[in-house]
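Student: Sequence and predicted model, in that order:
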Amino acid sequence: MLTLSGGKLAFIDQLAKVQGDTRSQVINALLDMAIAKMVNVAIEADHMFANGATDQEVETSLMKALATAPEPHLVQQYKEMLKIK
């Protein structure tokens, strides 16, 4: 079960409308993307360890990868495209 704030839910609803999908389909796609990102981050950590990286180096890389968010101008473009305030 998920709890989403009004702004996030509005974004999902607009995205669903634009794509011709249901709210559930959009949420599932977003979750799939998030899970895929996490898997890729874990694979990269394994590669780093295999190549002799220290715990600190891997931790730093993980923190950077997980903290990555879309650039503010991209978020604004998405909102404009989907007509979200």
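Tutor: Happy to help now that I have it. Numbers count the residues shown, from 1 in each chain.
Student: CA atoms for contacts and neighbours, from now on please.
Tutor: Fine.
Student: Not counting stretch 58-69 itself, show me its contacts.
Tutor: 38, 41, 45, 48-49 (C-alpha atoms under 8 Å, 6 or more residues apart in numbering).
Student: any idea how far it is from the chain center?
Tutor: For stretch 58-69, the distance from its own C-alpha centre to the chain's C-alpha centre is 13 Å (C-alpha atoms, centre = their mean, to the nearest Å).
Student: List the backbone torsions phi and psi for the residue located most distally from the centre of the chain.
Tutor: For the chain, the largest distance from the centre (C-alpha atoms, centre = their mean) belongs to residue 52, which lies 28.6 Å off. Here is the backbone geometry of residue 52 (degrees, to the nearest 10): phi 90, psi 10.
Student: And for residue 55, nearest residue in space, chain neighbours not counted?
Tutor: residue 49 (7.9 Å; C-alpha to C-alpha, 6 or more residues apart in numbering).
Student: Starting from residue 31, give me the distance back to the one you found.
Tutor: 27 Å (C-alpha to C-alpha, to the nearest Å).
Student: re earlier: quick one: contacts for the residue farthest from the centre of the chain?
Tutor: Taking C-alpha under 8 Å, 6+ apart, we find residue 52 in contact with no residue.
Student: Near residue 13, how many other residues are there?
Tutor: By other C-alpha atoms under 10 Å, the residues close to residue 13 number 19.
Student: Ok, residue 50 next?
Tutor: Counted with other C-alpha under 10 Å, residue 50 comes out at 9.
Student: Show me the shaky parts of the protein.
Tutor: The chain contains residues with pLDDT under 70 at 69-72, 74, 81-85.
Student: buried residues in the helix of greatest length in it?
Tutor: In the chain, with assignment by DSSP state H, the single longest helix is helix 23-50. Using 16 or more other C-alpha atoms under 10 Å as the test for burial, helix 23-50 gives 23, 26-27, 41, 44-45, 48.
Student: Closest to the centroid, which residue in the protein?
Tutor: Centre of the chain computed as the mean C-alpha position; nearest residue by C-alpha atoms, centre = their mean is residue 34, 4.6 Å away.
Student: For it, give me its contacts.
Tutor: Neighbour list for residue 34: empty [criterion: C-alpha under 8 Å, 6+ apart].
Student: Understood, closing this out.
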